[in-house]
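> for reference, the sequence and a predicted model appear below.
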Amino acid sequence: MIEVDHLTKRYGPHTAVEDVSFRCEPGTVTGFLGPNGAGKSTTMRMICGMTTPSAGGATVAGRPYRQLPNPGREIGVLLDASAQHAGRTGREALALAARTMGVARGQVAAKLDLVGLNETAARRRVGAYSLGMRQRLGLALALLGDPRVLILDEPANGLDPEGIFWMRGLLRDFADRGGTVLLSSHLLREVEAVADRLVVIGGGRVVAQGGKDELLSGAGTLVRARDQHALRLTLDRAGLPATAGTDGGYVVRAEPEAVGLAAADAGLVLTELRPAGSGGLEQLFLTLTAGASTKEAVR
Amino acid sequence: MTAVTAPALRRPAATGPSLARLTGVELRKLADTRAGRWLLITMGLVAAAIVTVQIFVLKDPEQTFTAFFTPSLFPVGLLLPVLGILSITGEWSQRTALTTFALVPRRERVVTAKLAAVVLAALASVLVSLAVAAAGTLAARATGGAGAWTFDWHLLPYAAVFQVANVLMGAGFGLLLLNTPLAIVTYLLLPTVWSILAAMIRALREPARWLDTSVTMEPLLGPEVTAGQWGRLGVSLAVWLLVPLAAGLVRTLRREVS
């Protein structure tokens, strides 16, 4: 169980995270989505006690992270797969963590095996690892203490398609056994396949959260007409908020019936009218990404 | 393939790692990278090299245990601060702090364990100095030197204080600056800056006697340390050891890890 309660982080005049609240329940995978620079990593670092929040707080397994006596046995954390000493071998990195947590030495080999790092890879220094191998090592490190909660920041980065598929299976299995998973990504498609719940963040604020199905279905209506320009005018006149889609149509935040009625009143010929599905969430996501990356460039 | 142990079935350990366990982990970190291992090996080799040189340069009657032991402390004492600095700053430059503090979020415990580990390493270095001095004495006997086992036992605690102060000063600089090259350069430049300034500015000569650690620590390598010398040593260590350690601890506890 992870509870995030009104977390806020300011750096001088810049607010990186503003009033973010959500909960992750046992048995679920929560996808934490947002474009680069939206505040995902900052939020996760605050949950794990790496960054002190300006306001608000977070608890994991009922306690603030810094008050957990032996957090590795309750929460597996992977905040940055590249944050490993380049001069240590993969096995040594795990052995140090096992020693710190008081985990049996045999677990090191077992977890390396679980994430698919073989004997040769385990003996190599982390500096020689590919990003995909580092992600696997980071996952092994997170799983080492047999935790009930996993917090993973962009774990799919650098993994090949086979690796991403494998990781989905692992996380799904972990949650199905009663574990809690929070994983972040800047790609909707990446988490769509594994998450039960989504928290979408943009510009430091939560812009949408809820069950995946609910979010994907309540994402508006996709409409297309022979005369796109007339459609736009009609939608505007009817007060229906619309954004241009990637492929020519419009995504309207309204029921298909309302859109259909407006079009009929104007005598327009529609070529497509349907619930937007994941296209709607993707649309929301694209708008966020566009805004945020401009902001990042300016900053 | 996805046989993760059932998370719901286990109760996690209620107690955290003891300081002894954490110190053990930190000791291991000093030696488990190639760079760390070579730093330790270099310290041993330098001590051995100094003893070897002594066998050749000292006249036969002067080749005593003490004459081998004391000079070996200097080069080791120069490298120990680097060990102290690296043990702290390595976590930040290699970004392993992210893993370390995820497992032990009470950062002061990690820092305490690190300090304990480098102090143990400094004490072990004194044992290495004793060992190479003993080897030197035996070699001197074999090559016709005096090889006398004369040793003023006062030297042993002095040597321990000397090396522990060296390593802790390094650790203090590391904690305060949290950056490997900056900490090493600052630490190594400081005595030089002192001597240059003291030579140029008359008014600084008196403070230098109290604050320049290369001056105040020198008596520790002699036969006796007077009360006045202990006083000056104490003042200089308060400034260059305690202040950086305290300020560095505060900085480390507050710093954002990313």
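It's in. Residues are numbered from 1 along each chain as shown, chains lettered A, B, ... in the order given.
> least confident secondary structure element in chain B?
Using mean pLDDT, DSSP states H and E, the weakest-scoring helix or strand in chain B turns out to be helix B:205-211, at a mean of 84.
> buried ones in it?
Residues of helix B:205-211 classed as buried by neighbour count (16 or more other CB atoms under 10 Å in any protein chain shown): B:Ala208, B:Leu211. Where you see a C-beta, it was placed from the backbone N, CA and C, and this is true even at glycine.
> can I get the CA coordinates of it in PDB?
Extracted in PDB, the C-alpha atoms of helix B:205-211 (Å, rounded to 0.1, in the frame of the first residue of the first chain):
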ATOM      1  CA  ARG B 205      52.700  32.700  11.500                       C
ATOM      2  CA  GLU B 206      51.400  32.400  15.100                       C
ATOM      3  CA  PRO B 207      47.900  31.200  14.000                       C
ATOM      4  CA  ALA B 208      49.600  28.700  11.700                       C
ATOM      5  CA  ARG B 209      51.200  27.000  14.700                       C
ATOM      6  CA  TRP B 210      47.700  26.300  15.900                       C
ATOM      7  CA  LEU B 211      45.900  25.700  12.700                       C
END
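> so which residues on the stretch 51-200 of chain B come close to chain A?
By CB under 8 Å from any CB of the partner chain, the residues of the stretch 51-200 of chain B that approach chain A are B:90, B:94-99, B:101-106.
> at 6 Å what do you get?
Proximity of the stretch 51-200 of chain B to chain A is confined to B:Gln94, B:Arg95, B:Thr96, B:Leu98, B:Ala102, B:Leu103, B:Pro105 under the rule CB under 6 Å from any CB of the partner chain.
> for the fifth one, the count of nearby residues, please.
Using other CB atoms under 10 Å in any protein chain shown, B:Ala102 is surrounded by 26 other residues.
> ok, and the closest non-adjacent residue to it?
For B:Ala102, ignoring the flanking residues on the chain, the nearest one in space by CB to CB, 6 or more residues apart in numbering or on different chains is A:Val77 at 4.4 Å.
> what about the one you found, is that helix, strand or coil?
Under DSSP: H, G, I helix; E, B strand; the rest coil, A:Val77 falls in the strand class.
> tell me the contacts of it?
A:Cys48, A:Ala142, A:Ile151, B:Ala102 (CB atoms under 6 Å, 6 or more residues apart in numbering or on different chains).
> out of those, list just those in helices.
A:Ala142, B:Ala102 (DSSP state H).
> how close does B:Ile41 sit to B:Leu30?
12 Å (CB to CB, to the nearest Å).
> who has more neighbours out of these two?
Taking neighbours as other CB under 10 Å, B:Ile41 and B:Leu30 compare with B:Leu30 leading, 20 against 11.
> quick one: that one and B:Gly36 touch, right?
Yes: applying CB atoms under 6 Å, one finds B:Leu30 in contact with B:Gly36, separated by 5.3 Å.
> hmm, back to that, most widely separated two among the contacts of A:Val77?
Greatest spatial distance among the contacts of A:Val77 (CB to CB): A:Cys48 and A:Ala142, at 11.2 Å.
> what helices and strands are in contact with the helix or strand encompassing B:Thr42?
Assigned by DSSP states H and E, B:Thr42 belongs to helix B:34-57. Counting by 3 or more CB pairs under 6 Å, 6 or more residues apart in numbering or on different chains; DSSP states H and E, the packing neighbours recorded for helix B:34-57 are helix B:65-93, helix B:107-142.
> what residue ranges in the stretch 151-258 of chain B score low on pLDDT?
In the predicted model of the stretch 151-258 of chain B, no residue satisfies pLDDT under 70.
> how close does the residue of it found nearest chain A get to A:Thr42?
Nearest residue of the stretch 151-258 of chain B to chain A: B:Val257, at 4.0 Å (CB to the nearest CB). Going from B:Val257 to A:Thr42 by CB to CB gives 12 Å.
> same deal with B:Gly147?
Look at B:Gly147 and A:Thr42: by CB to CB, they are 66 Å apart.
> more crowded one of the two?
A direct count of neighbours by other CB under 10 Å for B:Gly147 and A:Thr42 places A:Thr42 higher, at 23 against 19.
> my understanding was that the more buried one contacts A:Ala16; is that so?
Yes: the pair A:Thr42 / A:Ala16 is scored as a contact, 4.8 Å apart, by CB under 6 Å.
> between the two, what contacts are shared?
Joint contacts of A:Thr42 and A:Ala16 (CB under 6 Å, 6+ apart) are A:Lys9.
> if we can go back for a sec, which residues does the residue nearest to B:Ala102 bridge with?
When assigned by DSSP bridges, A:Val77 has beta-bridge partners A:Ile151.
> can you read off the pLDDT for it?
pLDDT recorded at A:Val77 is 97.
> B:Ala49 now?
94.
> any idea how far B:Ala122 is from it?
20 Å.
> who's more crowded, the two?
B:Ala122 (27 against 14).
> is it true that that one touches B:Val164?
Yes: if you go by CB under 6 Å, B:Ala122 and B:Val164 touch, sitting 4.7 Å apart.
> residues from chain A in reach of chain B?
A:48-51, A:65-66, A:69-70, A:72-74, A:77, A:79-80, A:83, A:85, A:87-88, A:92, A:96, A:99-100, A:146, A:148, A:169-170, A:173-174, A:177-179.
> need the buried ones from those selected in PyMOL.
Buried subset of these, written as a PyMOL selection, criterion 16+ other CB under 10 Å:
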select buried, chain A and resi 48+49+50+51+65+69+70+72+73+74+77+79+80+83+85+87+88+92+96+99+100+146+148+170+174+177+179
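> could you list which of the residues of chain A next to chain B belong to strands?
Counting by DSSP state E, the residues of chain A next to chain B place A:Val77 in strands.
> re earlier: from the chain's centre, how far out does the least confident helix or strand of chain B sit?
On the basis of CA atoms, centre = their mean, to the nearest Å, helix B:205-211 is displaced by 23 Å from the centre of the chain it belongs to.
> give me the residues contacting the helix or strand just after that helix.
Remark: after helix B:205-211, the chain's next helix or strand is helix B:213-216, criterion DSSP H and E. Contacts with helix B:213-216, where a contact means CB under 6 Å, 6+ apart, come from B:Pro191, B:Arg232, B:Leu233, B:Ser236, B:Trp240.
> try stretch B:46-63
With CB under 6 Å, 6+ apart as the test, stretch B:46-63 has contacts from B:68, B:71-72, B:75-76, B:128-129, B:132, B:136, B:139-140, B:145-146.
> any chance of these in TSV, plus neighbour count and pLDDT?
What follows is the contacts of stretch B:46-63, written out as TSV (neighbours: other CB atoms under 10 Å in any protein chain shown; pLDDT from 0 to 100):
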residue	neighbour count	pLDDT
B:Phe68	28	92
B:Pro71	19	92
B:Ser72	28	92
B:Pro75	16	91
B:Val76	26	94
B:Val128	16	95
B:Ser129	26	95
B:Val132	23	94
B:Gly136	29	93
B:Ala139	17	91
B:Ala140	24	90
B:Gly145	21	80
B:Ala146	18	81
